[in-house]
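> Quick one: sequence plus predicted model below, questions after.
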Amino acid sequence: MIPEIPENGLILILGGARSGKSSFVEKIARDAEKAVLFIATATAGDDEMTVRIRKHQASRPAGWQTLELPRDIGRNIERFIAPVVIVDCITLLVSNILCSLPENTQEETIMHHVQIEIEDLIALQARSGGQWMLVSNEVGLGLVPPYPLGRVYRDALGFANQALARAASRVILMVAGLPMVIK
């Protein structure tokens, strides 16, 4: 059963790895029968990731516009482009911010960069209107990472998810391919 998804506003889709987040948003976008802008945040750092990105690209309808933006989404898009926008995913967006900073960057600086990115993204959706579906992993339910950078990443993504959930008109948690409305 597919829950009611607002035609406008920010929709956050959370879940674990392989929980069905991307398939869910792609189905909602296909069913809308409107122009779609797909913002891909993944970068291919190795052959395995290259294959994953190609599989994702092949699964999307040819008519969708794809924009590859590893970060600075709010600063790179200044005008309304499509009535349906998918950002897949916030998890990699936060990772890309972390990896763009020099080694040994202080946690406060990392969190500041993530906060600016998320605030710019929320402001862009508010300016643009339309239906924005943001995909992100819920990593706070797993193990505590055994190293400091992993813990900073988990905290930064948790902050990003909380900020997006506050701004969202709907929040969906995907579990085993099933959507659960949590807001």
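Received, thanks.

> Give me the residues contacting the top helix by length along the chain.
When secondary structure is assigned using DSSP state H, the longest helix within the chain turns out to be helix 107-128. Contact partners of helix 107-128, identified using C-beta atoms under 8 Å, 6 or more residues apart in numbering, comprise 9-10, 71-75, 77, 79-81, 85, 87, 93-94, 97-98, 101, 132, 134, 152, 155-156, 159-160, 163-164, 167. The C-beta positions use only the backbone N, C-alpha and C, and glycine is treated the same way.

> now, which of these lie within helices?
The members of the contacts of helix 107-128 that map onto helices under DSSP H are 73-75, 93-94, 97-98, 152, 155-156, 159-160, 163-164, 167.

> Any quick PyMOL command for the buried ones out of those residues?
Provided next is the PyMOL selection string for whichever of the ones in helices among the contacts of helix 107-128 are buried by 16 or more other C-beta atoms under 10 Å:
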select buried, resi 73+74+93+94+97+98+152+155+156+160+163+164+167
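
> out of the ones in helices among the contacts of helix 107-128, which one sits closest to residue 39?
Within the ones in helices among the contacts of helix 107-128, distances to residue 39 taken as C-beta to C-beta reach their minimum at residue 73, with 6.1 Å.

> and residue 32, how far is that from residue 146?
Spatial separation of residue 32 from residue 146 under the definition C-beta to C-beta, to the nearest Å is 42 Å.

> and those two? which has more neighbours close in?
Counting neighbours by other C-beta atoms under 10 Å for residue 32 and for residue 146 shows that residue 32 has the greater number, 15 against 7.

> mind listing what the closest residue in space to that one that isn't next to it in sequence touches?
Leaving aside its sequence neighbours, residue 32 sits nearest to residue 84 (C-beta to C-beta, 6 or more residues apart in numbering; 5.4 Å). If a contact means C-beta under 8 Å, 6+ apart, then residue 84 has 29, 32, 34-37, 130-131, 133 as its contacts.

> again, only using 7 Å
Shown in contact with residue 84 (C-beta atoms under 7 Å, 6 or more residues apart in numbering): 29, 32, 34-36, 130-131.

> Strands - which of these land there?
Of the contacts of residue 84, the ones assigned to strands by DSSP state E are 36, 131.

> Any figure for the gap between the residue in the chain sticking out farthest from the centre and residue 170?
In the chain, the residue that sits farthest from the middle, by C-alpha atoms, centre = their mean, is residue 104; the gap is 25.6 Å. Remark: distance between residue 104 and residue 170 (C-beta to C-beta) = 39 Å.

> Kind regards, and thank you for your time.
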